[in-house]
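Trainee: here's a sequence, model it:
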Amino acid sequence: MRKSETPEPEAAARSVTIQDVARRAGVSTATVSRAIALPERVTEATRAAVFSAIRETGYTPNAAARSLRAKSTKMVLVLLPGIGNSFFTPVLNALEEVFTEGGYGVLIGYTRQSRSRETHYARVIRAGQVDGVLVVTGNVPRDEEFVSVPDTVPVSLMFSEIPGTPQFSVFDVDNRGASAEAVRYLISQGHRRIAHIPGAEGGLEASERLGGYCDALREAGLPIDQALIWRGASNFDFASGERAARDYFALDEKPTAVFAAADEIALGFMRALKNRGVGIPSDVSVIGFDDTEYAVHYDPALTTMRQPRNEMGRLAATDLLRRMATGRDGTVPTLKVRLACELVVRESVRAVE
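Mentor: Presented below is the predicted three-dimensional model:
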C-alpha cells in the first residue's frame, strides 16, 4: 500500500530507478519492464499502477534512451489516424516542406485507432529511432502509451491535446467558438430548427464542436433537441454523413439546416439526400467544418468553417525543429497555440423566412 502521494525521499534525492517504481507500484521490476515494453501483456490494474508510479516518481523509462539521443537520427515520426482523408493533405505538405528545409526526413505512421499499433509506435519512440514526434489527429492515442516517452524526444500534438501531458506542445483551433459561429450564421439566415452531426463520438474535437452548436442555440433562445443531434457517425468521413441521412429521413418534422462537424460528413450527407431527391439548399441547408479541397468543387459548393491547416502545420513543424535543436533534456518550453477559423460562405445555405 502506498504511504504517500509524493516521491519517497531517497527517490527524490537521487536518480529515480526502476526499483523505485516497482516499490511504489507494489510489483516486481520485471513487471514494471513488461508494463512499459509490452503493456498488453499485463492486467489493466497492474498497468495503471505502474504508470501512476512512473508519473509520481518522475522516472524516465529506458534510461539508455538518453545515450541514444547523443546521436541524432534526423528523422521525425508523424502519426495519423489513417490514410484517405483529404483533410490531412495540406498539413502533411506543410510538415514535409518545413522538416526537409530543416534537414530532417519524415516517417508516416498510421494508428488506425488500434491499441496494438499505438503500442508499436510508442516502442519506436522509446527506442530512440526518431528525434521528434507529431501526432496529427483528433482521435489521440491513449495517454498511457505516451507517458513513458523520454523527455529527450519532443512530442507535439495537432488538432487535439492529450490530458495530463504538459510536456507536449499543442497546436489546435477554437473548435467550440468556430462551431458556435457556424450555427450563428445559420440562425442569421432565419433557420430555427437546426440539426447537428457530431462526428467521431468520444473525440475531443467532436465534443467541442457539439458544445459550440449548443452554445449558439442557447444564445438564440432555441431548444436543444436531442432528436436533432445525430450521433451515429463513427468518424469524420463520407460514410458517417451517409449514415446520418437515415436520421434525417426518420424525422416527421425535418430540420431546415444541418451543421456537420466535418466537410466529409457534410458531403456524404448531401450526397445521400440528393440521391433521394432532396434539394440542397432548397429543402435543407448544410454547413461543414474544415474547408477541404472537395468543399469548393461539390454541387452545391459547401459553406464551411475554414481551418488554417497549412499555417498550423508550419507552426507545429517549426516548433518541433526548435525543440529538437535546442534541448534534449526536457527543459525547452512547450507551446500551446490556438488558431482562429474563418467562415467561408458558398452555395449550400439559403435564407429562410
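Trainee: if I pick H120, what's in contact with it?
Mentor: By CB atoms under 8 Å, 6 or more residues apart in numbering, the contact list for H120 is empty. Heads up, the C-betas are built off the backbone N, CA and C, glycines and all.
Trainee: how close does the closest residue to E293 other than its chain neighbours get to K274?
Mentor: Excluding the flanking residues, the one nearest E293 by CB to CB, 6 or more residues apart in numbering is S86, at 5.5 Å. Between S86 and K274 the distance is 20 Å, computed by CB to CB, to the nearest Å.
Trainee: swap in D299?
Mentor: Computed as CB to CB, the D299 to K274 distance reads 9 Å.
Trainee: and the two? Which one has more around it.
Mentor: Taking other CB atoms under 10 Å, D299 and K274 do not tie; K274 has more neighbours (15 against 10).
Trainee: please, which helix or strand holds that one?
Mentor: helix 263-275 (DSSP states H and E).
Trainee: for the spatially closest residue to S33 that is not a sequence neighbour, which residues are in contact?
Mentor: Excluding its sequence neighbours, the residue lying closest to S33 (CB to CB, 6+ apart) is I18, at 6.9 Å. Contact analysis of I18 by CB under 8 Å, 6+ apart lists T29, V32, S33, Y59, P61.
Trainee: for G199, see how far away I18 is.
Mentor: Distance, I18 to G199, by CB to CB: 41 Å.
Trainee: one more: R323?
Mentor: Going from R323 to G199 by CB to CB gives 31 Å.
Trainee: between the two, which one's more packed in?
Mentor: Neighbour count, other CB under 10 Å: between R323 and G199, G199 has more, with 29 against 23.
Trainee: confirm for me that that one is in contact with S240.
Mentor: Yes - shown here, G199 and S240 form a contact pair, counting by CB atoms under 8 Å, at 6.8 Å.
Trainee: residue ranges with poor pLDDT in the stretch 251-353 of the chain?
Mentor: 327-331 (pLDDT under 70).
Trainee: what ranges do the helices span in it?
Mentor: For the stretch 251-353 of the chain, applying DSSP state H, counting those that start in this stretch gives helices covering 263-275, 293-297, 309-326.
Trainee: excluding chain neighbours, what is closest to E208?
Mentor: N175 (3.7 Å).
Trainee: what's the closest residue to L228 other than its chain neighbours in contact with, if anything?
Mentor: Distances taken as CB to CB, 6+ apart put A195 closest to L228, at 4.1 Å, once the chain neighbours are dropped. Contacts here follow CB under 8 Å, 6+ apart; on that basis A195 touches L228, I229, W230, D247, Y248, P255, A257, V258, F259.
Trainee: and those residues as CSV, adding distance to L222 and neighbour count?
Mentor: Formatted as CSV, the contacts of A195 follow (distance: CB to CB, whole Å; neighbours: other CB atoms under 10 Å):
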residue, distance to L222, neighbour count
L228, 10, 22
I229, 13, 15
W230, 17, 26
D247, 19, 20
Y248, 19, 20
P255, 12, 22
A257, 12, 25
V258, 15, 32
F259, 13, 30
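Trainee: domains of the protein?
Mentor: The chain breaks down by automatic domain parsing into domains covering 9-57, 72-173+309-339, 175-307.
Trainee: burial count for E208?
Mentor: Residues near E208, counting by other CB under 10 Å, number 22.
Trainee: same thing with P223?
Mentor: 10.
Trainee: so what does it look like in phi/psi?
Mentor: Dihedral pair for P223: phi -70, psi 150, per degrees, to the nearest 10.
Trainee: how about low-confidence regions in this protein?
Mentor: Where the chain drops to pLDDT under 70, the residues are 1-15, 37-40, 60-71, 84, 138-151, 201-202, 233-234, 327-331.
Trainee: can you give me the strands in it?
Mentor: 75-80, 105-110, 132-136, 155-158, 169-173, 194-197, 257-260, 285-290, 303-306, 336-339, 342-344 (DSSP state E).
Trainee: in the first one, what counts as buried?
Mentor: Neighbour-count burial for strand 75-80, with 16 or more other CB atoms under 10 Å as criterion, is recorded at V76, L77, V78, L79, L80.
Trainee: sheet-wise, list the partners of that strand with their directions.
Mentor: Paired strands of strand 75-80, with direction, are strand 105-110 (parallel), strand 132-136 (parallel) (DSSP bridges).
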